[in-house]
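> sequence and computational prediction follow.
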Amino acid sequence: MTSKELQEEEIEALLSIYETDVAFKQINPTTYQYKYGEDDASKSFLVEICWTPEYPNEAPQINLDTFYNRNLIGSVKEKIQEVLREEAQQWLGCGMTYTLFECLKERLDELTASQPENIRATVDIADEVEKLEVAPKATAKKEHLTKAQKRRQWERTDHKGERPRGWNWVDIIRHLSQTGGKSQDNPQS
């Protein structure tokens with residue numbers, strides 16, 4: 001059988017096995033996800049298995065870099081990927097997605113043993129460290145005005161502290177009288 005025919009058989013089997021399982025999700029015909037643990041629990045994670053064109057004669061790609069796994073520590077991710085790679089090597093030539101998902105179900109406690117229970121505390125500590133490492137912002141010097149300067153600014157504004165409409169408009173007549181305007185005697189060519 002060709003790789004394509006083996007993949008089609010496995011798709012059919014996976015969909016029939018996991019049709020009522022809410023933890024299983026088919027992203028596309030070659031990518032499948034399975035969620036382990038309860039939602040938003042610190043030891044909960046999502047595994048994504050993506051078949052290559054030569055799958056099952058070649059091990060699938062294993063992805064743990066999803067947003068759902070943002071709280072999973074690096075050593076746990078590495079341990080999960082290592083277990084999945086070892087298991088995949090044993091099943092080359094056979095459909096193995098179901099076997100990989102079930103392997104993780106059986107070893108879930110062992111694999112997540114080093115994951116902290118209260119992940120919020122570690123996230124908060126990391127945030128505090130980042131805050132401490134950031135240099136304090138330089139405050140801009142405030143311009144100090146004399147009483148006379150403040151009074152002149154106040155007189156230029158209305159009772160709300162805003163300047164009247166058109167305060168910066170150019171008086172066209174005055175501007176032209178100062179610049180001289182175009183001369184009518186010399187027509188430009």
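Nice, thanks for sending it over.

> downstream of the worst-scoring helix or strand of the chain on mean pLDDT, the next helix or strand is which one?
Of all helical and strand segments in the chain, the minimum by mean pLDDT, DSSP states H and E falls on helix 119-133, at a mean of 53. Moving toward the C-terminus from helix 119-133, the next helix or strand (DSSP states H and E) is helix 147-156.

> what sits up against that next one?
145, 163, 167 (Cβ atoms under 8 Å, 6 or more residues apart in numbering). C-betas here are computed from N, CA, C, even on glycine.

> go again using 7 Å as the cut-off
Residues from elsewhere that reach helix 147-156, judged by Cβ atoms under 7 Å, 6 or more residues apart in numbering: residue 163.

> what's the answer for stretch 14-24, then?
32, 34-35, 97-98.

> how about stretch 37-48?
31, 33-36, 62-64, 66, 68-69, 71-72, 104, 112, 115-119.

> can you do 8 Å?
27, 31-36, 62-64, 66, 68-69, 71-72, 76, 80, 84, 100-101, 104, 108, 112, 115-119.

> point to the residue nearest the middle of this structure.
residue 67 (7.1 Å; Cα atoms, centre = their mean).

> separation between it and residue 84?
20 Å (Cβ to Cβ, to the nearest Å).

> cool, and residue 153?
On the measure of Cβ to Cβ, residue 153 and residue 84 end up 70 Å apart.

> between the two, who's got more neighbours?
More crowded of residue 153 and residue 84, by other Cβ atoms under 10 Å: residue 84, with 22 against 12.

> hmm, that one is touching residue 100, no?
Yes. Assessed by Cβ atoms under 8 Å, residue 84 is found in contact with residue 100 at 5.5 Å.

> which parts of this protein are helices?
3-17, 74-90, 97-106, 108-111, 119-133, 147-156, 172-179 (DSSP state H).

> for the ones you listed, give me JSON lines that also has distance to residue 53.
Shown next, in JSON lines, are the helices of the chain (distance: least, Cβ to Cβ, whole Å):
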{"stretch": "helix 3-17", "distance to residue 53": "7"}
{"stretch": "helix 74-90", "distance to residue 53": "16"}
{"stretch": "helix 97-106", "distance to residue 53": "15"}
{"stretch": "helix 108-111", "distance to residue 53": "29"}
{"stretch": "helix 119-133", "distance to residue 53": "37"}
{"stretch": "helix 147-156", "distance to residue 53": "73"}
{"stretch": "helix 172-179", "distance to residue 53": "74"}
